[in-house]
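Participant: coords below, sequence missing:
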């Protein structure tokens with residue numbers, strides 16, 4: 001796939017870029033795998049805004065993605081690569097011999113007509129799109145959609161262009177280097193999919209105008225320093241004033257912008273071998 005550059009017909013168009021969708025090989029979603037997606041506008045059941053900057057956006061249907069890959073030792077054929085409005089990576093629609101269709105995350109290089117398999121007790125090749133137990137994946141292999149606990153389904157490394165790497169195997173654990181640089185321990189029995197995720201050029205896209213962000217359901221963000229004192233701790237002052245606080249804080253007075261919020265005694269600390277940079 002590549003990046004599309006627009007002609008500068010307006011000032012907002014001048015630097016705008018987008019996807020050319022050359023990697024898409026199937027038009028329209030599989031209707032049997034769609035679910036309604038209701039918008040909340042960032043509000044809870046009382047109607048109060050609990051998540052700011054959420055609202056609007058284009059209507060979407062949710063694609064039910066198979067993160068567990070629990071049909072074992074049965075090869076599936078890729079019917080096509082699709083666009084998913086709910087995530088940055090592409091989806092691959094696969095069909096099993098019994099005509100059961102499922103969506104999986106599409107790795108880089110997977111194409112229409114390819115065969116993928118989720119290996120159980122039998123061995124399978126470590127090629128893009130296949131799902132294996134971590135103990136069966138060779139060291140140095142790029143992986144994605146990794147399980148945190150056995151049988152729960154892939155929960156991490158699922159966004160466009162990302163991948164993790166198996167660095168070592170020690171006893172019953174596998175050491176994996178995450179996209180953030182963190183090295184973490186996983187159980188040998190956890191499963192992961194092979195390859196780097198598709199749509200690697202997603203982070204190079206320039207939004208270009210405010211309206212395009214509204215299409216995505218993101219409302220404008222106002223800086224605290226331009227508010228009044230009763231609206232934000234950074235507000236107030238004559239003219240263009242600085243924040244005034246010794247450290248930047250949220251609208252509710254909590255430290256922010258680099259403040260570490262991870263609890264020192266968190267249960268998962270024992271699985272982290274090396275912190276991210």
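Facilitator: Okay, I see it. For clarity, every value in this text was computed on a predicted model and none was experimentally measured.

Participant: Could I get the contacting residues of residue 197?
Facilitator: Applying Cβ atoms under 8 Å, 6 or more residues apart in numbering, we find residue 197 in contact with 89, 105-108, 144, 157-163. For the C-beta atoms, the positions are set from N, CA and C on the backbone; glycine is no exception.

Participant: So for it, what's the pLDDT?
Facilitator: Turning to residue 197, the model gives it a pLDDT of 98.

Participant: Show me where this structure has its helices.
Facilitator: With DSSP state H as the criterion, the chain has helices at 210-215.

Participant: Residue 223 is in contact with residue 241, correct?
Facilitator: No - counting by Cβ atoms under 8 Å, no contact exists between residue 241 and residue 223, whose distance comes to 11.9 Å.

Participant: Between the contacts of residue 197, identify the one with the most neighbours.
Facilitator: Scoring the contacts of residue 197 on neighbours with other Cβ atoms under 10 Å, the highest-scoring entry is residue 106 at 29 neighbours.

Participant: for it, what are its contacts?
Facilitator: Under the criterion of Cβ under 8 Å, 6+ apart, the contact list for residue 106 reads 81, 89-92, 129, 197-198.

Participant: switch the cut-off to 6 Å
Facilitator: With Cβ atoms under 6 Å, 6 or more residues apart in numbering as the criterion, the residues that contact residue 106 are 81, 90-92, 198.

Participant: got it, and residue 126?
Facilitator: By Cβ under 6 Å, 6+ apart, the contact set of residue 126 is 137, 141, 194.

Participant: thinking again about what came up before, closest one of the contacts of residue 197 to residue 249?
Facilitator: Proximity to residue 249 was ranked across the contacts of residue 197 by Cβ to Cβ; first place goes to residue 159, at 29.1 Å.

Participant: Please tell me the pLDDT value assigned to the closest one.
Facilitator: Note for residue 159: predicted pLDDT of 97.

Participant: Next: residue 1.
Facilitator: The predicted local distance difference test score for residue 1 is 69.

Participant: So what's the residue count around the residue nearest to residue 236 when sequence neighbours are not counted?
Facilitator: Nearest-residue entry for residue 236: residue 229, 3.7 Å, with adjacent residues in sequence omitted and distances by Cβ to Cβ, 6 or more residues apart in numbering. For residue 229, the number of neighbouring residues by other Cβ under 10 Å comes to 11.
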